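1. using only what follows, build the 3D model:
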Amino acid sequence: MPKTFYIEQLGCFKNQVDAEYMITALQDKGYTRAETAESAELILVNTCSFIESAKKESIDAFFELRQARKDAKIVMTGCMAERYGQDLLEMLPEADGIFGNRDPQRITDIADQVLAGEKKTYFPPNMIKPPRRKNFLSLKNSVYVKISEGCSNACTFCAIPKFRGTLSSRGFEDVATEIEGLIDSGVKEINLIAQDLAAFGKDRGHDDFMPLLERVLKKPGDYWLRMLYLYPDHFPEDVLALAKTEKRLLPYFDLPFQHASGRLLKLMGRRGDDAQYLDLIGRIRDTVPNAVVRSTFIVGFPGERDSDFQTLLDFQEKAKIDWMGVFTYSREEGTPAFRMQSEDAFELFRPQADKRKQLLEEAQAEITAVSLDRWVGKDLEVLIEEPIQGSSMGLGRSFLQAQEVDGLVVVHGEGLTPGQVVQTRVTKRNGVDLEARVISA
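-> Next comes the predicted model:
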């Protein structure tokens with residue numbers, strides 16, 4: 001009988017790619033992937049450890065599965081496993097194994113032993129061979145490609161280097177060949193992901209990001225190349241000229257500014273300020289008129305004053321960023337910012353941070369609405385994600401919406417199927433979503 005496994009996927013797109021590597025490795029070893037945890041002998045809980053809420057979600061998911069499947073073997077994998085290492089098995093004696101995130105394919109090194117009743121911990125070093133994927137957890141016709149691992153920017157609030165390590169780029173040819181293969185297979189949307197895309201290759205002394213884009217875009221085909229996460233303090237200026245002339249390189253710029261106050265950004269270990277960031281946004285929009293800008297911000301960072309927050313509010317109003325996410329500061333052990341503030345001070349300021357988050361989100365709602373209104377009456381190519389049952393409508397995304405984090409396009413048309421690409425005309429806006437009708441498929 002084939003051995004069965006199930007992955008409970010948590011966390012970000014990077015974790016999702018790791019899960020895809022594990023799925024392929026286990027299937028290559030003769031395992032069968034189960035659709036539900038109820039029918040699996042081996043359960044992998046692929047954890048996230050970015051902020052406190054993600055850690056809680058990971059622990060809750062583990063105990064829910066443990067309660068439901070007392071007879072199954074459960075292994076904690078991913079970022080939380082890597083971050084807390086051997087200690088996690090002592091914290092969670094109910095787990096049957098702990099597996100790190102540096103080389104997901106090597107889950108096969110312990111799977112059989114765990115199923116045989118051994119308690120195993122394994123933290124492999126960085127990948128020693130190119131990863132392989134045969135199955136994807138993303139929506140049909142959209143795939144994430146991780147071009148590097150880890151980060152060397154050393155932001156004081158960020159724990160990612162603790163469990164992902166410093167920058168470690170995949171081989172140039174390895175990445176390019178994978179993307180070209182995805183294009184050949186008919187994939188419409190290729191999402192390039194990394195903690196810092198433009199740093200690709202710098203750990204080996206090369207600036208490989210622009211050469212990678214240029215190499216891929218020589219490949220003929222009707223596809224989208226989406227860039228997720230461009231560090232604003234060393235933005236690759238050459239990408240603007242390329243995005244202006246090459247329609248397959250989507251003019252979607254995800255720039256995690258994190259704040260606008262120069263004083264606070266310095267405490268965060270970053271170099272920018274409101275003036276520099278406004279100038280960057282201006283250059284993007286001047287060069288690529290249809291550009292869409294997304295960013296994330298942190299409120300409640302240790303030492304954030306009323307004046308710092310006002311600077312952020314003023315920046316928000318001037319920048320008119322199309323999409324924005326706001327997080328309250330999460331106090332993460334092992335980071336420099338952890339020592340900047342006591343636990344008592346952190347808890348005391350939390351209600352104020354929550355209020356600031358709410359103010360930013362309320363202001364952003366109107367900014368995003370105005371941004372979306374400019375697309376009413378215009379034509380957009382839309383990738384259908386799913387049909388709406390019982391109707392002649394489907395949900396999809398255009399170039400201006402990234403998967404899961406932005407709004408959607410509600411498309412009116414017959415026979416819409418997941419992965420289908422249709423030409424539409426936008427008829428109106430509903431909140432953060434657009435409505436459109438099919439004009440050709």
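
2. which residues in the stretch 301-441 of the chain form helices?
-> In order along the chain, the stretch 301-441 of the chain carries the following helices (DSSP state H, counting those that start in this stretch): 306-319, 343-373.

3. scratch that, the stretch 1-150 of the chain is what I was asking about
-> When assigned using DSSP H, counting those that start in this stretch, the helices of the stretch 1-150 of the chain occupy the ranges 13-28, 52-68, 79-84, 86-91, 108-115.

4. packing partners for the first one?
-> Contacts defined by 3 or more C-beta pairs under 8 Å, 6 or more residues apart in numbering; DSSP states H and E place helix 13-28 against strand 4-9, strand 32-33, strand 42-47, strand 73-78, helix 108-115, strand 142-146, strand 189-193. C-beta: built from backbone N, CA, C; applies to glycine.

5. what lies in contact with it?
-> Where contact means C-beta atoms under 8 Å, 6 or more residues apart in numbering, the residues beyond helix 13-28 that reach it are 5, 7, 9, 33, 44, 46-48, 77-79, 101, 104-108, 111, 131-138, 144-146, 164, 191, 193, 195, 228, 403.

6. ChimeraX command to pick out the buried ones of these?
-> Applied in ChimeraX, the following selects the buried portion of the contacts of helix 13-28 according to 16 or more other C-beta atoms under 10 Å:
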select :5,7,9,33,44,46,47,48,77,78,79,101,104,105,106,107,111,131,133,136,137,138,144,145,146,164,191,193,195,228,403
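
7. next, format the helices of the stretch 301-441 of the chain as JSON lines and append mean neighbour count.
-> Shown next, in JSON lines, are those (neighbours: other C-beta atoms under 10 Å):
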{"stretch": "helix 306-319", "mean neighbour count": "17"}
{"stretch": "helix 343-373", "mean neighbour count": "15"}
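
8. that older thread, can you redo the helices and strands packed on helix 13-28 as JSON lines with distance to residue 253 and mean pLDDT?
-> Formatted as JSON lines, the helices and strands packed on helix 13-28 follow (distance: least, C-beta to C-beta, whole Å; pLDDT from 0 to 100):
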{"stretch": "strand 4-9", "distance to residue 253": "27", "mean pLDDT": "95"}
{"stretch": "strand 32-33", "distance to residue 253": "36", "mean pLDDT": "96"}
{"stretch": "strand 42-47", "distance to residue 253": "29", "mean pLDDT": "96"}
{"stretch": "strand 73-78", "distance to residue 253": "28", "mean pLDDT": "95"}
{"stretch": "helix 108-115", "distance to residue 253": "39", "mean pLDDT": "96"}
{"stretch": "strand 142-146", "distance to residue 253": "18", "mean pLDDT": "96"}
{"stretch": "strand 189-193", "distance to residue 253": "13", "mean pLDDT": "97"}
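
9. of all those, which one is nearest residue 380?
-> In this view, the helices and strands packed on helix 13-28 are compared for proximity to residue 380 by C-beta to C-beta, and strand 189-193 is the closest at 13.9 Å.

10. can you list contacts of that closest one?
-> Contacts made with strand 189-193 from outside it, assessed by C-beta under 8 Å, 6+ apart, are listed as 13-14, 17, 138, 141-147, 179, 182-183, 216, 223-229, 383, 402-403.

11. how about 7 Å then?
-> Judged by C-beta atoms under 7 Å, 6 or more residues apart in numbering, the contacts made with strand 189-193 from elsewhere in the structure are 13-14, 141-147, 179, 182, 223-229, 383.

12. for stretch 358-376, same thing?
-> For stretch 358-376, the surrounding residues in contact (C-beta under 7 Å, 6+ apart) are 297, 299, 313, 316, 320-324, 326, 426, 428-429, 432, 434.

13. now, which of those residues sits nearest residue 290?
-> Nearest to residue 290, judged by C-beta to C-beta, of the contacts of stretch 358-376 is residue 322 at 10.7 Å.

14. gap between that closest one and residue 369?
-> 11 Å (C-beta to C-beta, to the nearest Å).

15. repeat for residue 99
-> For residue 99, the distance to residue 369 under the criterion C-beta to C-beta works out to 45 Å.

16. hmm, back to that, compare the contacts of stretch 358-376 and tell me which is most surrounded.
-> Using other C-beta atoms under 10 Å as the neighbour criterion, residue 434 leads the contacts of stretch 358-376 with 28 neighbours.

17. give me the below-cutoff pLDDT ranges for the stretch 1-150 of the chain.
-> Scanning the stretch 1-150 of the chain for pLDDT under 70 picks out 1.

18. distance to residue 408 for the helices and strands packed on helix 13-28 - can I get that in a markdown table?
-> Shown next, in a markdown table, are the helices and strands packed on helix 13-28 (distance: least, C-beta to C-beta, whole Å):
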| stretch | distance to residue 408 |
| --- | --- |
| strand 4-9 | 21 |
| strand 32-33 | 28 |
| strand 42-47 | 26 |
| strand 73-78 | 28 |
| helix 108-115 | 37 |
| strand 142-146 | 13 |
| strand 189-193 | 14 |
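
19. of all those, which one is nearest residue 91?
-> Comparing these by their distance to residue 91 (C-beta to C-beta), the top pick is strand 73-78, with 9.9 Å.

20. and that closest one, what does it pack against?
-> strand 42-47, helix 52-68, strand 97-99, helix 108-115 (3 or more C-beta pairs under 7 Å, 6 or more residues apart in numbering; DSSP states H and E).

21. what pairs with it, parallel or antiparallel?
-> Next to strand 73-78 in the sheet, as set by DSSP bridges, lie strand 42-47 (parallel), strand 97-99 (parallel).

22. the last one: how far from the chain's middle?
-> Its chain's average C-alpha position is 24 Å from that of strand 97-99, according to C-alpha atoms, centre = their mean, to the nearest Å.

23. what does it contact?
-> Looking at what lies outside strand 97-99 - C-beta under 7 Å, 6+ apart - the contacts are 75-77, 81, 88-89, 107, 110, 114, 119-122.

24. now stretch 137-152
-> With contact meaning C-beta under 7 Å, 6+ apart, stretch 137-152 is reached by 9, 13-14, 16-17, 19-20, 136, 160-161, 164-170, 175, 178-179, 182, 187-197, 199-200, 383, 385, 403, 418-419.

25. now those: which count as buried?
-> Buried positions within these, assessed by neighbour count (16+ other C-beta under 10 Å), are 9, 13-14, 16-17, 19-20, 136, 160-161, 164-165, 167-170, 175, 178-179, 182, 187-197, 199-200, 383, 385, 403, 418-419.
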